[in-house]
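Engineer: need a structure here:
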Amino acid sequence: MRSTRLSLLFLPLLPSVALAEAAPLPDAGASFLQMLVGLAVVLAMLVGSLWLLKRLTHPRGQNSSLMRIVAGTAVGQRERVVLLEIGSTWLVLGVAPGEVSMLAEVPRQDIPAAAGGNGGKDFAGWLKHITERRHGPQA
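Structural biologist: Residues are numbered from 1 along each chain as shown. Below is the predicted model:
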């Protein structure tokens, strides 16, 4: 008795099941076109989000010129010495993975044409010269 009632409930669905079985197979060209459109949408969203990220992280206005990296050189595989300009002061920083240490504080100076023109290749010599000039020669 109970199964009869359940079968009566599903009786109106039988014609739609029969029609669903007789439906033609989808066209392969339309599926391929739909896939290409989806790929184009995803790529457009990726390019748009990268552009937005660049716009949001780019320094603007007066604060963009408060700090700049003047020079830097690698002293090991993962260690660097960086000369950072903040206002009228230069900070000599040691940068290692997970650590930044201030090595010296030097008043801002004009970069000589020889040191600035060779792409920072003689940064170590220039840094030694500046440090000796400030603190005197060290043994």
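Engineer: residue contacts, Arg78?
Structural biologist: Ala96, Pro97 (C-beta atoms under 8 Å, 6 or more residues apart in numbering). (Glycine included, C-beta is placed from N, CA and C.)
Engineer: give me the three-state assignment for it.
Structural biologist: Per DSSP: H, G, I helix; E, B strand; the rest coil, the secondary structure class of Arg78 is coil.
Engineer: pLDDT below threshold where in this protein?
Structural biologist: Applying pLDDT under 70 to the chain picks out residues 1-26, 59-65, 112-121, 136-139.
Engineer: kindly report the domain assignment for it.
Structural biologist: Listed by automatic domain parsing, the domain ranges of the chain are 2-57, 63-135.
Engineer: please confirm that Gln109 is located within a strand.
Structural biologist: No. Using three-state DSSP, the assignment for Gln109 is coil, not a strand.
Engineer: which residues does it contact?
Structural biologist: Counted by C-beta under 8 Å, 6+ apart, Gln109 has contacts Trp90, Ile130.
Engineer: hang on, the earlier thing: most neighbours per residue, which of the domains of the chain?
Structural biologist: Mean neighbours per residue, mean count of other C-beta atoms under 10 Å, is largest over the domains of the chain for domain 63-135, with a mean of 13.
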